[in-house]
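Q: Coordinates only, no sequence provided:
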């Protein structure tokens, strides 16, 4: 009889949702950004790589837990860059890029310090200066570290690399603040 009761308790425990399911989070980030695009070939030489002198980004991310360690993620980021232009072609020195991606996040631990990795697919729209490319589809990979200040708030750092078969690669590194709800 005790074994049957124990078996039923284990079965109920396995079928109940994890506490993190339905947890939702919104993050706002601010950071440094750069891009890399091929320049114009000179003679028989390979084209040089163009990058900006300075760049910044603002991002917004929404996450929804589907388990204790796995979340769905949607992210938007906008970047403004200065430099990397070709003065001979009278390009503007200011350029911009907007990055949007959707994917998954895996959290490695749920303690005060929470490292995480993510991957997704999306697109980069770019314009101005040397990156007046239009729209490129990208794979976005990255990770970060969240520091939980309470159950509903955290802050941390995040890095993201977005690139694929197109000509543009975008890298961002920044800080973010997060608000969570729906974890019970």
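A: Thanks, I have the structure now. It should be emphasised that the depicted structure is a prediction, and the values quoted were computed from it without experimental measurement.

Q: could you list every residue that touches the nearest residue to residue 108 once chain neighbours are set aside?
A: Using CB to CB, 6 or more residues apart in numbering and skipping the chain neighbours, the partner closest in space to residue 108 is residue 115 (4.7 Å). C-betas here are computed from N, CA, C, even on glycine. Contact partners of residue 115, counting by CB atoms under 8 Å, 6 or more residues apart in numbering, are 107, 108, 109, 143, 144, 145.

Q: which one among these gets closest to residue 174?
A: Out of the contacts of residue 115, the one with the shortest distance to residue 174 is residue 144. That distance is 9.2 Å, counting by CB to CB.

Q: burial of that closest one, as a residue count?
A: As a burial measure, the neighbour count of residue 144 was computed by other CB atoms under 10 Å and equals 21.

Q: ok, for it, nearest residue in space, not its chain neighbours?
A: residue 158 (3.5 Å).

Q: which secondary structure element contains the residue nearest to residue 60 when sequence neighbours are not counted?
A: With CB to CB, 6+ apart as the measure, residue 76 is the residue that lies nearest to residue 60, at 5.1 Å, once sequence neighbours are left out. In this structure, residue 76 sits in strand 70-82 according to DSSP states H and E.

Q: next one: residue 145
A: Counting by DSSP H and E, the element that carries residue 145 is strand 134-148.

Q: Go through that strand and flag the buried ones.
A: 136, 138, 140, 141, 142, 143, 144, 146, 148 (16 or more other CB atoms under 10 Å).

Q: Any idea which residue is closest to the centre of the protein?
A: In the chain, the residue lying closest to the centroid (CA atoms, centre = their mean) is residue 160, at 5.0 Å.

Q: so what's that residue closest to, chain neighbours aside?
A: Once flanking residues are discounted, residue 160 sits nearest to residue 142: 3.6 Å by CB to CB, 6+ apart.

Q: Residue 163 is in contact with the one you found, correct?
A: No. Under the contact definition of CB atoms under 8 Å, residue 142 does not touch residue 163, with a separation of 11.6 Å.

Q: now stretch 117-133, how far from the centre of its chain.
A: Centroid separation for stretch 117-133 versus its chain: 12 Å, with CA atoms, centre = their mean, to the nearest Å.

Q: Going along the chain, name the strands of this protein.
A: Assignment of strands within the chain using DSSP state E yields the ranges 24-38, 49-50, 54-65, 70-82, 94-107, 113-127, 134-148, 153-163, 169-181.

Q: Turn the ones you listed into a markdown table, columns for mean pLDDT.
A: Formatted as a markdown table, these follow (pLDDT from 0 to 100):
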| stretch | mean pLDDT |
| --- | --- |
| strand 24-38 | 94 |
| strand 49-50 | 82 |
| strand 54-65 | 97 |
| strand 70-82 | 96 |
| strand 94-107 | 95 |
| strand 113-127 | 95 |
| strand 134-148 | 94 |
| strand 153-163 | 96 |
| strand 169-181 | 96 |
